[in-house]
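J.: let me see the structure of the following:
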Amino acid sequence: MAFVHTIAILALNDVVAFDLSTPIEVFGRTRLPDGRNPYRIRVCGPEPEVRSAAFTVKVSWGLEALAEAETIMVPGCSEQAAPPPPHVLEELRRAAAQGTRIASICSGAFILAAAGLLDGLTATTHWVAAAELAERFPLVDVRPDVLYVDSGQILTSAGAAAGMDLCLHMIRSDHGSAVAADAARLSVMPLEREGGQAQFIVHEHPPAPRGSVMEPVLAWIEDNLGHDLTLEEMAVRSGMSERTFSRRFREQTGTTPLQWLLRARVRRAQYLLENTDHGVERIAAQAGFGSPAAFRERFKRVVGTTPQAYRASFGGRRPLPAV
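T.: Just a heads-up that it's a prediction; the model follows:
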């Protein structure tokens, strides 16, 4: 009999229904060229029933399924969920020590972090919760701008849709691109969204604290993004020395002047990509990047994808020139 890969899906109270159903659907639809499904799915948990926002889920397997699985999937739980029971965290640690592959969807990363499985690793979660994850678990290198992170044995994904991307990535790792592509078609989604693609966070204009001594200079920076601004010019505009200006700036905005400037320029570029048909050279100049090459490199560093891909996702309906 051919080997069947057992996937245990951990269900806790207040589980997010979509996060729970995603691996069931994606792995459940997977077929090898001979028609066999290479995965056996077991929904398990510490209780025989768990709540979700819309319904109650009956759990067929206890926590012993975690020890028997080759892969453990940890869906997210709602904000109202109680902390995971200590014995659940211990079972996750035991499985990790045995070499079991463990993956989380969305806020499921908090459960892995609580078990200590993300310490010293790069991980992600939904961008709304990324700051909280980083604050609560400082040993985790949280990346809020990617769809998923594959750290080898431990994998994490961003929002619910990114959980599907992660499942397809795991199928591709297990059985190759052809099997994964077939699973993607059955799920009516593309296979080619790589983990490093950004979550497409909506970057609002960088914060300008109302009434602060920095507010006038921040407004001046935004009005002059197309110019080659320097730290010296910003400090002169504020009436401070460069050292004092940098210190006060970080105190009031939480970042450095040059990082704030970069974010403002990227936001300007995002707006232009979304709402105009300007080419890359013009957008680079309007946003103050100096050259198209610098624009592409810095935009991708902040947003996580290329200007061309961003425009394809968020640009207007009329045909636009490639950037």
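J.: so P84 sits in a strand?
T.: No. P84 sits outside any strand when classified using DSSP: H, G, I helix; E, B strand; the rest coil, being coil.
J.: using PDB, list the CA coordinates for stretch 137-154.
T.: Taking Å, rounded to 0.1, in the frame of the first residue of the first chain, the C-alpha atoms of stretch 137-154 are listed here in PDB:
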ATOM      1  CA  PHE A 137       6.900  37.400  21.400                       C
ATOM      2  CA  PRO A 138      10.100  39.500  20.900                       C
ATOM      3  CA  LEU A 139      12.200  36.400  20.000                       C
ATOM      4  CA  VAL A 140      10.200  36.000  16.800                       C
ATOM      5  CA  ASP A 141      11.300  37.900  13.700                       C
ATOM      6  CA  VAL A 142       7.800  39.000  12.500                       C
ATOM      7  CA  ARG A 143       7.400  39.800   8.800                       C
ATOM      8  CA  PRO A 144       4.100  41.500   8.200                       C
ATOM      9  CA  ASP A 145       4.600  41.900   4.500                       C
ATOM     10  CA  VAL A 146       4.700  38.400   3.100                       C
ATOM     11  CA  LEU A 147       2.100  35.700   2.300                       C
ATOM     12  CA  TYR A 148       3.900  32.900   4.100                       C
ATOM     13  CA  VAL A 149       7.200  31.900   5.500                       C
ATOM     14  CA  ASP A 150       8.800  28.500   5.100                       C
ATOM     15  CA  SER A 151      11.400  28.000   7.800                       C
ATOM     16  CA  GLY A 152      11.800  24.300   7.100                       C
ATOM     17  CA  GLN A 153      10.000  22.300   9.800                       C
ATOM     18  CA  ILE A 154       7.900  25.300  10.900                       C
END
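J.: list the buried ones in that stretch?
T.: F137, V140, V142, R143, P144, D145, V146, L147, Y148, V149, D150, I154 (16 or more other Cβ atoms under 10 Å). Yep, even glycine has a C-beta here, placed from its N, CA and C like the rest.
J.: quick one, what contacts the closest residue to the second one other than its chain neighbours?
T.: Once its chain neighbours are removed from consideration, V140 has its nearest residue in L118; the separation is 4.4 Å (Cβ to Cβ, 6 or more residues apart in numbering). Residues near L118 by Cβ atoms under 8 Å, 6 or more residues apart in numbering: A109, L112, F137, L139, V140, I154, T156.
J.: could you pull out the helices for the stretch 1-150 of the chain?
T.: Ranges of helices in the stretch 1-150 of the chain, per DSSP state H, counting those that start in this stretch, are 17-29, 64-68, 86-97, 108-114, 127-136.
J.: just name the most buried of these.
T.: Mean neighbours per residue, mean count of other Cβ atoms under 10 Å, is largest over these for helix 108-114, with a mean of 25.
J.: other residues contacting that helix?
T.: Residues contacting helix 108-114 (Cβ under 8 Å, 6+ apart): 10, 12, 19, 73-77, 83-84, 88-89, 92, 102, 104, 118-119, 123-125, 129, 133, 136-137, 140, 154, 156.
J.: what's the longest helix seen in the chain packed up against?
T.: Scanning the chain for the longest helix, with DSSP state H as the assignment, gives helix 257-275. Counting contacts by 3 or more Cβ pairs under 8 Å, 6 or more residues apart in numbering; DSSP states H and E, helix 257-275 packs against helix 215-223, helix 231-238, helix 242-253, helix 280-286, helix 292-303, helix 307-314.
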